[in-house]
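Undergrad: Let me see the structure of the following:
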Amino acid sequence: MKRNLIIALTATLAALTLTSCGEANKPKSATVAAPAQGAILTKVAPVVMMDVAETVDFTTTLLPYKKSFITPQMALRIDNILVEVGDHVKKDQLVATLDKNQYNQSSVQLKNAVQNLKRMKSVYEAGGVSKSQIDELETSVTVLRETVANLERNIELRSPFDGVITGRYNEPGDLFAMAGNADGGIGILQVMQIDKLKAQVAISEKYYPQVHKGMKVEVSSEVYPDKVFEGTVNIVYPAINAQTHTFNVEIVVPNAQEILRPGMFGRTEFNMGIRRSLTVPDVAIQKQMGVNDRYVYVIKNGVAERRVVELGRQIGDRVEILSGVADGEDVAITSLSRIKDGSEVRIAE
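TA: Sure, this is the predicted structure:
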């Protein structure tokens, strides 16, 4: 009995020993703590106040310096047209002739009336006719002279200035009628002066003190993206539009080579002087997705603050900031995709 008890105790101790060894050899599960998010490393650049040329752009349509429809003052049949569209003409150059029948008839009538008046004056001096009859004949001669002079002006049409023929609306043999043509005018031909052009722009009233006659303006066209043309302010209209609070300005653009053409879309750039403005590196500017807001991250005491800003002009690799930041503040220029409003940041040396 005692021997059996010893054997049982020995077995129990052995089992306990094995169990204890198994527990000791069993790997323990480790609890891993989530690492704390560290501060984002970024470089910064200061907001800097600097002199900025205040230039203002306005779009416009280029216009001929002069434009005229060449037209007779009465309905006459067209005898001949001496020019084609695209032809250059000089001032007073003959460009069209009209039927001379009416002119010839009136000339003969005038000649006869003058002779009759001369003959009747001799009769009047002899007492054969009254003074009132002579007056009537003189009036008739005067009217005929005016008619002939008017017909003479209308049977030969001449260009009013140097220019280019830009429209032809009739053919020889047509009876000219005082009716509108395809370009909205009345005439047989249209002529434009294009060796210089003009443009009109509407400018905000706040710039009225800076704009003056003789002011130089840069003019460009999308047709010639690499060319800049120098224009000159020719007229500053004195009245301000009460609805739009703008005033009109006429610019003259030399065009001796006739590179520019009337009707072209143009852009005019006015230099309104120098102003002091805040600027930041252009790499600091971010755009909010889905909207047109621009923003920067201002870094203060190791924390990023998102600021919506209003942009001005691009000046080299910097951008003018009209509102949203203050002089001397620092803005983030790297790691911008990681930075959020309120992010902890560390400034890289």
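
Undergrad: For residue 280, see how far away residue 307 is.
TA: 10 Å (CB to CB, to the nearest Å). Every C-beta, even on glycine, is put in place using the N, C-alpha and C of the backbone.

Undergrad: between those two, what contacts are shared?
TA: Listed as contacting both residue 307 and residue 280 by CB atoms under 8 Å, 6 or more residues apart in numbering are 296, 325.

Undergrad: Which residues are in contact with the residue most central in space within the chain?
TA: Nearest residue to the geometric centre of the chain (CA atoms, centre = their mean): residue 59, 1.2 Å. Each residue near residue 59 by CB under 8 Å, 6+ apart is listed here: 201, 265-268.

Undergrad: re the thing from before, who's more crowded, residue 307 and residue 280?
TA: residue 280 (25 against 18; other CB atoms under 10 Å).

Undergrad: Show me which residues of the helix or strand hosting the more buried one are buried.
TA: Per DSSP states H and E, residue 280 falls inside strand 265-281. Within strand 265-281, the residues scored as buried using 16 or more other CB atoms under 10 Å are 266-268, 270, 272, 277-281.

Undergrad: For the helix or strand following that strand, name the packing helices and strands.
TA: Counting by DSSP H and E, the next helix or strand C-terminal to strand 265-281 is strand 286-287. On a contact count with 3 or more CB pairs under 8 Å, 6 or more residues apart in numbering; DSSP states H and E, strand 286-287 meets strand 294-300.

Undergrad: ranges for the strands of the stretch 51-200 of the chain?
TA: Assigned by DSSP state E, counting those that start in this stretch, the strands in the stretch 51-200 of the chain fall at 63-70, 78-81, 88-89, 94-98, 156-158, 163-168, 189-204.

Undergrad: Remind me what the strand holding residue 280 packs against, helices and strands.
TA: Applying 3+ CB pairs under 8 Å, 6+ apart, we find strand 265-281 packed against strand 48-61, strand 189-204, strand 216-221, strand 318-323.

Undergrad: quick check: angle from it to strand 48-61?
TA: Angle between the axes of strand 265-281 and strand 48-61 is 170 degrees (criterion: axes from the mean of the first three to the mean of the last three CA atoms, to 10 degrees).

Undergrad: Report the mean confidence score over strand 265-281.
TA: Average pLDDT, strand 265-281: 92.

Undergrad: before we move on, what about stretch 332-339?
TA: Averaged across stretch 332-339, pLDDT comes to 94.

Undergrad: List the buried residues in it.
TA: For stretch 332-339, the neighbour count (16+ other CB under 10 Å) marks 332-336, 339 as buried.

Undergrad: tell me which of those residues is nearest to residue 236?
TA: Nearest to residue 236 among those: residue 333, at 43.5 Å, using CB to CB.

Undergrad: Report the separation between the closest one and residue 342.
TA: Taking CB to CB, one finds residue 333 at 19 Å from residue 342.

Undergrad: And residue 243, by the same measure?
TA: Distance, residue 243 to residue 342, using CB to CB: 46 Å.

Undergrad: hmm, back to that, just give me the closest of the buried residues of stretch 332-339 to residue 46.
TA: Taking CB to CB as the measure, residue 46 sits nearest to residue 333 out of these, at 10.4 Å.

Undergrad: Touching, residue 186 and residue 178? I think so.
TA: Yes: using CB atoms under 8 Å, residue 186 makes contact with residue 178 at a distance of 5.8 Å.

Undergrad: So if I had to pick from those two, which one is more boxed in?
TA: Legend: neighbour count by other CB under 10 Å for residue 186 and residue 178, higher for residue 186 (14 against 11).

Undergrad: got any ranges where the chain has weak pLDDT?
TA: Along the chain, segments meeting pLDDT under 70 span 1-37, 179-182, 184.

Undergrad: domain ranges for it?
TA: Domains of the chain are assigned by automatic domain parsing as 42-52+276-347, 57-65+193-272, 71-168.

Undergrad: export those domains to JSON lines and tack on distance to residue 174?
TA: JSON lines is the format used below for the domains of the chain (distance: least, CB to CB, whole Å):
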{"stretch": "domain 42-52+276-347", "distance to residue 174": "56"}
{"stretch": "domain 57-65+193-272", "distance to residue 174": "26"}
{"stretch": "domain 71-168", "distance to residue 174": "5"}
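
Undergrad: those helices in the stretch 101-250 of the chain, which residues are they?
TA: Ranges of helices within the stretch 101-250 of the chain are 101-125, 131-155, based on DSSP state H, counting those that start in this stretch.

Undergrad: export those to JSON lines and tack on mean neighbour count?
TA: As requested, the helices of the stretch 101-250 of the chain are exported to JSON lines (neighbours: other CB atoms under 10 Å):
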{"stretch": "helix 101-125", "mean neighbour count": "14"}
{"stretch": "helix 131-155", "mean neighbour count": "15"}
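
Undergrad: For residue 39, which of those helices is the nearest?
TA: Among those, the nearest to residue 39 by CB to CB is helix 131-155 (89.6 Å).
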